[in-house]
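Undergrad: have a look at this prediction, sequence included:
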Amino acid sequence: SQTIHQWPATLVQPVGSPLSLECTVEGTSNPNLYWYRQAAGRGLQLLFYSVGIGQISSEVPQNLSASRPQDRQFILSSKKLLLSDSGFYLCAWRPSGPAYEQYFGPGTRLTVT
Amino acid sequence: AQSVTQLGSHVSVSEGALVLLRCNYSSSVPPYLFWYVQYPNQGLQLLLKYTTGATLVKGINGFEAEFKKSETSFHLTKPSAHMSDAAEYFCAVILFGNEKLTFGTGTRLTIIP
């Protein structure tokens, strides 16, 4: 069966510091991968998605970036965090092909102070 | 483009009572529809999905939803609420060939003992 991991689970970072969140998927190959942000009291906002290694599509212009160095690894980064970057970050995957349901990881709670 | 509206950000029902969470979508073509559940500080779990075929779909934990094209609705129901159903529920829509899963703003379900 497939499993998705995210780490760290929680993170407290000062404004202006860098960020690296990691997501890995096990038990599948060539998944489509997604990064979402969930702000308090709001829905989910798609940040980035990737349909293959090195292929990144950005949905929202911001100071975040994403990379996919390996088939089942998806990384969310920032060079300098802003207070507005606080939130719950969720990674998701789906099989490539016509199945459109996405499966979510446990999330990372980021607090920028 | 597609959008989702969830009516009622908070819903309270008594234990054993019917659960009804409302979702309406807007789409230029027939969409694929999903319901997800999120427990505090956790990722989203897929409850059920509608793609094509039977308009009444059954999911996990006794939930079901009916796709009504004429009403552009995909309401989630459960005949008898259980305390463990207390969570936040998200309706989501995606169009065939698209990578962007669009979420509603969520409905927080409270179960009254």
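TA: Arrived safely.

Undergrad: who's in contact with the closest residue to chain B within chain A?
TA: Closest contact between chain A and chain B, by C-beta to the nearest C-beta, is at A:Phe104 (3.8 Å). Using the backbone N, CA and C atoms, a C-beta is placed for each residue, glycine as well. The neighbours of A:Phe104, taking C-beta atoms under 8 Å, 6 or more residues apart in numbering or on different chains as the test, are A:Ile4, A:Leu90, A:Cys91, A:Ala92, B:Tyr36, B:Gly43, B:Leu44, B:Gln45.

Undergrad: tell me which residues touch the closest residue to it other than its chain neighbours, please.
TA: Among residues not flanking A:Phe104 along the chain, B:Gly43 sits closest, at 3.8 Å (C-beta to C-beta, 6 or more residues apart in numbering or on different chains). Applying C-beta under 8 Å, 6+ apart, we find B:Gly43 in contact with A:Leu90, A:Phe104, A:Gly105, A:Pro106, A:Gly107.

Undergrad: for the residues you listed, give me JSON lines that also has secondary structure, distance to A:Gln70 and pLDDT.
TA: Shown next, in JSON lines, are these (DSSP: H, G, I helix; E, B strand; the rest coil; distance: C-beta to C-beta, whole Å; pLDDT from 0 to 100):
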{"residue": "A:Leu90", "secondary structure": "strand", "distance to A:Gln70": "20", "pLDDT": "97"}
{"residue": "A:Phe104", "secondary structure": "strand", "distance to A:Gln70": "20", "pLDDT": "97"}
{"residue": "A:Gly105", "secondary structure": "coil", "distance to A:Gln70": "16", "pLDDT": "97"}
{"residue": "A:Pro106", "secondary structure": "coil", "distance to A:Gln70": "20", "pLDDT": "97"}
{"residue": "A:Gly107", "secondary structure": "coil", "distance to A:Gln70": "21", "pLDDT": "96"}
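
Undergrad: mind giving me the PyMOL select for those, buried ones only?
TA: Buried residues among those (16 or more other C-beta atoms under 10 Å in any protein chain shown), as a PyMOL selection:
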select buried, chain A and resi 90+104+105+107
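
Undergrad: nearest to A:Val15, of the contacts of B:Gly43?
TA: A:Gly107 (21.7 Å; C-beta to C-beta).
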